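Q: My questions concern the predicted model and sequence given below.
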Amino acid sequence: MVSQEQRRRQLAREKFLRQQQRRTSARRRARTRNAAIASVLGVILIGSVALYTTGVVLKDDDSKTNASAEVTPSASAPSKAPDPCDKPAEGKVKTQTWEKEPAMTIDKSAKYTMKLATTCGDIDIALKAKAAPHTVNSFNFLAGKGYFDHTKCHRLTTEGIYVLQCGDPTAQGNGGPGYNIPDENLKDKSLKDNMYPAGTVAMANTGQPDSGGSQFFLVYQNSPLPPSYTPFGTISDEGMTVLKKIAAAGSQPADPTTGNTAPNATVVIDKATVTKT
C-alpha cells in the first residue's frame, strides 16, 4: 500500500517531469525558430566581393560562411500575381571591375539623389553623402560608368525581412566591382531596436566589416536586422509605390544553385543616375 508521503513524492516527480518536458519542447521550438531566422538572415545580405583580391568570389548567398547577415531564400509559395513590369530596355550589362575604391570626388556637404529607372517605374533615392561619403562616392562613380545599367534585381525576400536586393551584374548574388568600401553610418538615428525601417536603402556585405561592394537592398517593409549594413539613402514616396508593387507580385521558389528567391516581377535597372542637387 502506497503511503501518503510516497504518493506526494510521486506526484511531485510527475509534476517535475511535465515541467521539464514543457521546457524541453519550448527550447526545441525556440531553436527551430532561431535557426530559421538565422538562415533567413544568413543569405541575402552576405555580400558580394570580399574575395576578389584572391581571385575567388564569395557568394552572398553562402550561408556556411556567415549566419548573421542579408536572409535565406523565402520558403513561401510563389505568388500568382501577374508581372507588373515592362520589358527591359535594349542593352548589355557591363562587366568591368576595378582594383581599388575610386578617389573621393563628391562634395560631402552637398545633396545627391540617385534615380533607378527600372522596368517597373522610377525609384528616386535621397543619398546621405555627409553620413556615408565613401558609399555615395562609390555609387556616383559606378553609376557614371554605367555599371548598374541593364542589371537585374536578383532577390526579393518576403519572410523574416522584406527587401529587394540589386546591384549585381551577374544577377546571381556573387558579383561586385572588384573593390570594397568601408562600413559607414551604422549609428544612423533611423536604426532603432535592430530595425531597418521601410524606405531605407543599405549596403549588402559578406558579414565581415568593411566588405561592401556594389550590391544594395531596398527595404519595402520594416525589417529586423542588426545595424551592420551601411544605410546610405531614403526612398521617395513615389519610389516606395513602385517598390511595393514589385513586392506584391511575390517571389519565385529558391534557386537550387544560388539560393536566390528572384522576384516574380521583371525588375531590371534600365539606367542608374546620381545627381548633385
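A: Sure, I can see it. Numbering: from 1, shown residues only.
Q: ok, Gly178 - how many residues close by?
A: The number of residues packed near Gly178 is 17, by other C-beta atoms under 10 Å. C-beta: built from backbone N, CA, C; applies to glycine.
Q: same thing with Thr277?
A: Neighbours of Thr277 under the rule other C-beta under 10 Å: 8.
Q: Quick check: the gap between the closest residue in space to it that isn't next to it in sequence and Thr257.
A: Closest residue to Thr277 apart from its sequence neighbours, by C-beta to C-beta, 6 or more residues apart in numbering: Lys111 at 4.7 Å. Counting by C-beta to C-beta, to the nearest Å, the gap from Lys111 to Thr257 is 42 Å.
Q: and Glu238, which of the three is it?
A: For Glu238, the assignment made with DSSP: H, G, I helix; E, B strand; the rest coil gives helix.
Q: Can you point out the buried residues in stretch 205-218?
A: Within stretch 205-218, the residues that qualify as buried are 205-208, 211-218, counting by 16 or more other C-beta atoms under 10 Å.
Q: And Asn137, which helix or strand is it part of?
A: If you go by DSSP states H and E, Asn137 is part of helix 133-144.
Q: What is that helix packed up against?
A: When contacts are defined as 3 or more C-beta pairs under 8 Å, 6 or more residues apart in numbering; DSSP states H and E, helix 133-144 sits against strand 112-118, strand 231-235, strand 268-276.
Q: would you list those in JSON lines and tack on mean neighbour count, mean pLDDT and distance to Lys87?
A: Converted to JSON lines, those look like this (neighbours: other C-beta atoms under 10 Å; pLDDT from 0 to 100; distance: least, C-beta to C-beta, whole Å):
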{"stretch": "strand 112-118", "mean neighbour count": "21", "mean pLDDT": "98", "distance to Lys87": "12"}
{"stretch": "strand 231-235", "mean neighbour count": "24", "mean pLDDT": "98", "distance to Lys87": "24"}
{"stretch": "strand 268-276", "mean neighbour count": "19", "mean pLDDT": "98", "distance to Lys87": "9"}
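Q: how about those strands, which one is nearest Glu90?
A: strand 268-276 (9.4 Å; C-beta to C-beta).
Q: for the closest one, packing partners?
A: strand 112-118, helix 133-144, strand 151-152.
Q: Now do that strand: everything it contacts.
A: Strand 268-276 is contacted by residues 85, 88-89, 91, 106-107, 110-119, 127, 136, 139-140, 142-144, 147-153, 166 when judged by C-beta atoms under 8 Å, 6 or more residues apart in numbering.
Q: Is it possible to get TSV of the helices and strands packed on strand 268-276 that adds distance to Thr273?
A: Formatted as TSV, the helices and strands packed on strand 268-276 follow (distance: least, C-beta to C-beta, whole Å):
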stretch	distance to Thr273
strand 112-118	5
helix 133-144	6
strand 151-152	14
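Q: closest to Gly233 out of those?
A: Among these, the nearest to Gly233 by C-beta to C-beta is strand 112-118 (6.6 Å).
Q: List the pairing partners of whatever helix or strand comes next after that closest one within its sheet, with orientation.
A: Proceeding N to C from strand 112-118, the next assigned helix or strand is strand 121-127, under DSSP H and E. Partner strands for strand 121-127, per DSSP bridges, with pairing direction: strand 112-118 (antiparallel), strand 231-235 (antiparallel).
Q: how about those, which one is nearest Thr200?
A: Nearest of these to Thr200, taken as C-beta to C-beta: strand 231-235 at 5.3 Å.
Q: what angle separates the closest one from helix 133-144?
A: Strand 231-235 runs at 60 degrees relative to helix 133-144, counting by axes from the mean of the first three to the mean of the last three C-alpha atoms, to 10 degrees.
Q: give me the number of residues near the closest residue to Leu186 other than its chain neighbours?
A: Spatial nearest neighbour of Leu186, chain neighbours left out: Pro227 (4.9 Å); criterion: C-beta to C-beta, 6+ apart. Residues lying near Pro227 (other C-beta under 10 Å) number 19.
Q: Helix or strand with the lowest mean pLDDT in the protein?
A: Of all the helices and strands that make up the chain, helix 4-41 has the lowest average by mean pLDDT, DSSP states H and E, namely a mean of 57.
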